[in-house]
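Enquirer: Give the three-dimensional model of this entry:
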Amino acid sequence: MNKPATFFGLIIGIALAFATLPTTSHAQKMVMELDGDSIEGQPYIIAELGAVVVFKNKRLEIMHVMDKHARPKEYLSVDVQAGDRFVMFNGTRLKTLEDLKGAFENAKVGQKLKFGIKRDKGMHMISFAKADPESLPQMSGMTMTIDDDGPDSEDGADGDVNFNFQGEVAMLMGSGIIANETDAGILIGALMPGAQKRFGKVDISKGDRIIKLQGKKITALSQLSELYDKIEVGGSVEFVLANEEGEYTVTFKKRDTQDGPIIKTITN
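Expert: Here you go, the predicted model:
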């Protein structure tokens with residue numbers, strides 16, 4: 001659990017963009033702009049290869065892959081590059097990110113995974129074993145530069161986010177908050193630039209513990225996400241948080257802007 005992996009900071013940077021993207025209904029598709037490309041849905045991470053796969057132009061494309069020498073040694077020889085497209089799994093066509101996710105999640109640790117990859121006009125096969133998630137590197141620090149020019153943007157909304165994560169994370173869309181589950185509980189893992197202004201005079205800080213949402217005690221990250229997603233855009237959000245000085249309450253409106261932030265640069 002202590003293996004370094006600067007690449008995984010990139011993954012969180014990509015995911016963090018969704019923390020302030022608009023939501024007009026629960027069925028709305030999430031779309032992110034990254035250096036001019038429109039990316040639909042949450043990116044999917046193939047941790048064995050250090051690859052971020054996105055759904056772009058109705059194709060499953062590798063947006064980023066770390067240098068092969070930074071991967072676990074068992075995966076050094078797997079031939080993947082940024083721009084490659086996943087088209088087949090064990091002879092079955094892959095059409096969506098859910099198809100790709102299902103191929104991994106339904107496989108057992110150690111099972112051989114065979115994928116058809118398109119590169120330019122050619123196609124080749126790759127094969128590797130599913131790794132034990134506990135053996136893979138965990139998320140590490142990175143810097144992301146945000147450009148938020150939407151109608152709900154505020155002075156100072158543009159800027160850099162610097163953070164480190166261990167454990168699972170959840171993006172609370174429309175709040176500017178990313179939550180982080182650790183041994184210490186459910187924490188504020190990071191705040192987007194400008195997010196603090198919507199909380200008024202209440203000072204929310206990275207590392208503060210999330211105690212309650214809408215009056216319900218928070219015991220798991222999945223529970224937090226589920227409760228937050230049920231709040232309508234424009235509705236009142238009430239968190240009970242805690243720090244070294246004790247518990248405090250913050251209330252704000254769930255953001256309803258029609259424009260989301262643009263990730264300008266991501267660095268490890």
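Enquirer: As a check, name the ranges of all helices in this structure.
Expert: 7-16, 97-105, 221-229 (DSSP state H).
Enquirer: Select from those the stretch with the lowest mean pLDDT.
Expert: Mean pLDDT per stretch puts helix 7-16 lowest among the helices of the chain, at a mean of 42.
Enquirer: Apart from its chain neighbours, what residue comes closest to residue 184?
Expert: Nearest residue to residue 184, sequence neighbours excluded (C-beta to C-beta, 6 or more residues apart in numbering): residue 209, at 7.1 Å. Every residue, glycine included, has its C-beta placed from N, CA and C.
Enquirer: show me the contacts for the one you found.
Expert: Contact partners of residue 209, counting by C-beta atoms under 8 Å, 6 or more residues apart in numbering, are 184, 185, 186, 187, 188, 241, 242, 243.
Enquirer: Check residue 118 too.
Expert: Residues near residue 118 by C-beta under 8 Å, 6+ apart: 84, 85, 87.
Enquirer: how near is it to residue 43?
Expert: Distance, residue 118 to residue 43, by C-beta to C-beta, to the nearest Å: 19 Å.
Enquirer: now swap in residue 67 and tell me
Expert: To residue 43, residue 67 is 19 Å away according to C-beta to C-beta.
Enquirer: Which of the two has more residues huddled nearby?
Expert: residue 43 (22 against 8; other C-beta atoms under 10 Å).
Enquirer: pretty sure that one is in contact with residue 61, am I right?
Expert: No. Residue 43 is beyond contact range of residue 61, at 10.3 Å (criterion: C-beta atoms under 8 Å).
Enquirer: what residues do the two have in common as contacts?
Expert: 53, 54.
Enquirer: Let me know whether residue 189 touches residue 178 as I believe.
Expert: Yes. Taking C-beta under 8 Å as the definition, residue 189 is a contact partner of residue 178 at 4.9 Å.
Enquirer: any shared contact partners between those two?
Expert: Common contact partners of residue 189 and residue 178 (C-beta under 8 Å, 6+ apart): residue 169.
Enquirer: Tell me how the protein divides into domains.
Expert: Following automatic domain parsing, the chain resolves into domains at 7-135, 155-264.
Enquirer: rank those by pLDDT, which is bottom?
Expert: domain 7-135 (a mean of 76).
Enquirer: re the thing from before, can you flag the buried ones in the contacts of residue 118?
Expert: Taking 16 or more other C-beta atoms under 10 Å as the criterion, what is buried in the contacts of residue 118 is 84, 85.
Enquirer: now, which of the contacts of residue 118 lie within strands?
Expert: Those of the contacts of residue 118 mapping onto strands are 85, 87, per DSSP state E.
Enquirer: Tell me the one of the contacts of residue 118 nearest residue 75?
Expert: Nearest to residue 75 out of the contacts of residue 118 is residue 84 (C-beta to C-beta; 14.8 Å).
Enquirer: surely that closest one meets residue 61?
Expert: Yes. The pair residue 84 / residue 61 is scored as a contact, 7.2 Å apart, by C-beta under 8 Å.
Enquirer: Strands of the stretch 101-250 of the chain, start to end?
Expert: Per DSSP state E, counting those that start in this stretch, the stretch 101-250 of the chain carries strands over the ranges 112-119, 122-129, 142-147, 159-163, 168-172, 177-182, 185-191, 209-213, 216-217, 236-243, 246-253.
Enquirer: got a list of what residue 224 touches?
Expert: Counting by C-beta under 8 Å, 6+ apart, residue 224 touches 170, 172, 179, 186, 210, 213, 218.
Enquirer: what's the distance between the first one and residue 240?
Expert: Distance of residue 170 to residue 240, given as C-beta to C-beta: 17 Å.
Enquirer: Equivalent analysis for the third one, please.
Expert: Distance from residue 179 to residue 240, counting by C-beta to C-beta: 14 Å.
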